[in-house]
Every structure is written in structure tokens, then in C-alpha cells.
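A.B. asks: let me see the structure of the following:
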Amino acid sequence: MFEYTNFIDEELSNEVQLFLNKEEFTDYYEQFNILKNAYDVYLEDYKKFPDMNSTDSLDIIYDEDHKRFYRKYIKFVTKCKEMSESFNTSGYGRDDLIKIRIQDLCKNIDYNFPYGWKG
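C.D. replies: Numbering: from 1, shown residues only. Got it, this is the predicted structure:
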């Protein structure tokens, strides 16, 4: 018989909670910094799993942690996706560079999120 792993907790970090609870940002640089800090914590949890390109990642022992990870971060990913879609960048604006960095980070989070772990 096997035992499920239990290395993902369900409690959100302060960094992710700050990002999720922040209604309005004072500027784009603050927004990027808060997002980046939340992303770093998210990535730490994601890296606890075996590499997705290995057969180890398919092991049934990770199923419960997959579900916990999904439930823990789905709101974070959804907010990132919404934030990314809300920007209008022309390439000529004063803040376009930081907006593009925010969009790229949000798209990376959305693209690499393991939606199949919903369970």
C-alpha cells in the first residue's frame, strides 16, 4: 500500500494574501513588487513537486498535494489572469514597460498553472 504525500499546506502566505486582498495599487511598480513576491512563494510550493517532465510526477502519491496546491492558488492565478487582461499597452506610454513586465509575469503564472490538478 502507499501513503499520500503531505508537503503542501492549505494556508496562504502573507505575500499571496497581500496580493489577493489589495484592491487598488498606488502605482505599477508597487503592483509588480507585490505580484513578484507572491509569485516567488507560489513557485517555492510548485518546485516541491517532481519535475513535470519526469515519470515521477505521475505517481499517485502526489494526488492529494496536487489538489491542495490547486485549491490554494487558483484564486491567485485567476486574479493574475484578470490583471493581465486589464492592461492596455500601446508601447508609447510612460508606464508601458512595467505594465508589460506585469503582463508577462501574469501570463507565465497562468500558462504554467497545473489546471489538471483540480481533482
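A.B. asks: what about the helices in this protein?
C.D. replies: For the chain, the helices identified by DSSP state H occupy 14-21, 28-46, 63-86, 96-112, in order along the chain.
A.B. asks: once you drop chain neighbours, what's closest to residue 81?
C.D. replies: The spatially closest residue to residue 81, leaving aside those adjacent along the chain, is residue 110, at 4.8 Å (CB to CB, 6 or more residues apart in numbering). Any C-beta I mention is one placed from the backbone N, CA and C, and that applies to glycine too.
A.B. asks: any figure for the gap between the one you found and residue 7?
C.D. replies: According to CB to CB, to the nearest Å, residue 110 stands 24 Å off from residue 7.
A.B. asks: the helices of the chain: which one's closest to residue 2?
C.D. replies: When those are compared by CB to CB, helix 63-86 sits nearest residue 2, at 10.1 Å.
A.B. asks: just the residues contacting that closest one, thanks.
C.D. replies: Helix 63-86 is contacted by residues 4-10, 12, 16, 19-20, 31, 35, 38, 42, 45-46, 48-49, 102-103, 105-107, 109-110, 113-115, 117-119 when judged by CB atoms under 8 Å, 6 or more residues apart in numbering.
A.B. asks: ditto for stretch 53-60
C.D. replies: Identification of contacts with stretch 53-60 by CB under 8 Å, 6+ apart yields 2, 49, 50, 51.
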